[in-house]
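Enquirer: sharing a model that was predicted from the sequence below.
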Amino acid sequence: MDNTEARAPVDYNALARDIESWASALGFQQVGITDTDLSGHSTAFLAWLEERMHGDMGYLSRNVDKRLDPAELHPDTIRVISVRMDYLGVTPPGATELPVNDGSAYIARYALGRDYHKTLRRRLAKLARRIEASAGVTETGSRAFVDSAPVLEKPLGAKAGLGWQGKNTLLLNQDAGSWFFLGEIYTNLPLPVTPPREQPGCGSCRACLSVCPTEAILEPGKLDARRCISYLTIENKGPIPEDMRAAVGNRVFGCDDCQIVCPWNRFARRSPEAEFTPRHGLDTAAIAELLAWDEDEFLDKTAGMAIRRVNYEQWVRNLAVAAGNAPPDGHIVGALRARRANASTMVREHIDWALARQCTA
């Protein structure tokens, strides 16, 4: 006689409420659930690729079918659990606090602390395991993603009720602005989707379009990544075009200008996560100080950080551009000359450009 007790049917509405509670306990500020229909985004995404606006980011043009259909990426996926986590490890900047090249280097705020991939992926995996255990799943039907696979995370986040895509293409939230990370769990569980929430949108505001130093935001919601400073300083492995170097200013890793001026970011809050606290004084570091790092010091001090998305050659290249845009400074000139000795041909050209500007300013 089989004495195995039949498992009670899963109450998916109750599970959805539990997911929200568990996500909060893991440090996520918001969670939403959506279906997998991304058909409303396919035309614009494919046209953007066709125009080559993704530049050398070839991974964006690969696995397009998986990007546009979550079930192609993770079989049997019918729901996406989308989460957000605030990341500002410093006081949120005011709308007029744009980077000023006074000899300091600017690093995008998301990259000042621990690599967010590690933090979010670990916690999402815990959340996925708890969901499966609660649902009595014996085989893994869920998979967590954090900016590391062909996932249209911003459209999915918008569908899950976390906000709307602003004119700068970032996901905006009326209660938290845009200084947050996104993560997803693909699952085969038939969870109830988050009810649609009316979003205020951007209205007639064009602050992000007006402030972009390189005019990379061509029109509301359309970004030419090839002109974006984040692309130029991170994804781009070669030289930074000379006609764009002045616009880069002192931004040595990424750019936050379109977020700083966004009116919705007046609601942004500092993250409670100690892991996102700036390391090695990188939120206020001087260009000359960072130029003094040799490759070993760079690798040591950026271990476990998102800054490792660039190699040492790119790092020095970016610093040279910032140095060329800085006010005349003997310390910067000395650091440039010292770094030139062992620089590659590509980096040496940037250093020579910077020295010419420093010494003739």
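Expert: Here it is on my side, so go on.

Enquirer: where does pLDDT dip in the stretch 101-250 of the chain?
Expert: Counting by pLDDT under 70, the ranges of the stretch 101-250 of the chain that qualify are 138-140.

Enquirer: now the helices for it?
Expert: All helices of the stretch 101-250 of the chain, identified by DSSP state H, counting those that start in this stretch, fall at 116-135, 153-159, 207-211, 229-230, 242-248.

Enquirer: show residues contacting the last one.
Expert: Spelled out, it's helix 242-248. 213-214, 227, 229, 232-233, 240, 318, 321-322, 324-325, 353 (C-beta atoms under 8 Å, 6 or more residues apart in numbering). (C-beta placed from N, C-alpha, C; glycine too.)

Enquirer: any idea which helix or strand comes after that helix?
Expert: Per DSSP states H and E, helix 242-248 leads on to strand 251-253 as the next helix or strand towards the C-terminus.

Enquirer: give me the distance between Thr36 and Leu209.
Expert: 31 Å (C-beta to C-beta, to the nearest Å).

Enquirer: can you check Glu51 too?
Expert: As judged by C-beta to C-beta, Glu51 and Leu209 stand 18 Å apart.

Enquirer: the two: who's more crowded?
Expert: Set side by side, Glu51 and Leu209 show more neighbours around Leu209, with 18 against 11, by other C-beta atoms under 10 Å.

Enquirer: just the buried positions in stretch 115-130, please.
Expert: 115-116, 119-121, 123-124, 127-128, 130 (16 or more other C-beta atoms under 10 Å).

Enquirer: just put these in JSON lines and tack on distance to Gly334.
Expert: Below are these laid out as JSON lines (distance: C-beta to C-beta, whole Å):
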{"residue": "Asp115", "distance to Gly334": "32"}
{"residue": "Tyr116", "distance to Gly334": "35"}
{"residue": "Thr119", "distance to Gly334": "38"}
{"residue": "Leu120", "distance to Gly334": "41"}
{"residue": "Arg121", "distance to Gly334": "42"}
{"residue": "Arg123", "distance to Gly334": "44"}
{"residue": "Leu124", "distance to Gly334": "46"}
{"residue": "Leu127", "distance to Gly334": "50"}
{"residue": "Ala128", "distance to Gly334": "52"}
{"residue": "Arg130", "distance to Gly334": "55"}
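
Enquirer: in those residues, find the pair that's most separated.
Expert: The most widely separated members of the buried residues of stretch 115-130, counting by C-beta to C-beta, are Asp115 and Arg130 (23.6 Å).

Enquirer: so where's the stretch 251-361 of the chain shaky on pLDDT?
Expert: Ranges of the stretch 251-361 of the chain meeting pLDDT under 70: 361.

Enquirer: mind checking how far Ala216 is from Leu68?
Expert: 24 Å.

Enquirer: now do the strands in the stretch 201-350 of the chain.
Expert: Secondary structure of the stretch 201-350 of the chain (DSSP state E, counting those that start in this stretch): strands at 217-219, 222-223, 251-253.

Enquirer: what's the most buried one of those?
Expert: Among the strands of the stretch 201-350 of the chain, the stretch with the highest mean neighbour count (mean count of other C-beta atoms under 10 Å) is strand 251-253, at a mean of 27.

Enquirer: how distant is that strand from the center of its chain?
Expert: 14 Å (C-alpha atoms, centre = their mean, to the nearest Å).

Enquirer: got it, and stretch 277-288?
Expert: Put simply, stretch 277-288 sits 19 Å off its chain's centre (C-alpha atoms, centre = their mean).

Enquirer: C-alpha coordinates for it, PDB please?
Expert: The C-alpha coordinates for stretch 277-288 follow below in PDB (Å, rounded to 0.1, in the frame of the first residue of the first chain):
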ATOM      1  CA  THR A 277      30.400  51.300  -0.700                       C
ATOM      2  CA  PRO A 278      33.300  52.800  -2.800                       C
ATOM      3  CA  ARG A 279      36.600  51.100  -2.600                       C
ATOM      4  CA  HIS A 280      40.100  52.600  -2.500                       C
ATOM      5  CA  GLY A 281      38.700  56.100  -2.500                       C
ATOM      6  CA  LEU A 282      37.700  55.700  -6.200                       C
ATOM      7  CA  ASP A 283      34.800  58.100  -5.800                       C
ATOM      8  CA  THR A 284      37.200  61.000  -5.300                       C
ATOM      9  CA  ALA A 285      40.500  59.700  -6.700                       C
ATOM     10  CA  ALA A 286      42.900  62.100  -8.600                       C
ATOM     11  CA  ILE A 287      43.800  61.300 -12.300                       C
ATOM     12  CA  ALA A 288      47.500  61.500 -11.400                       C
END
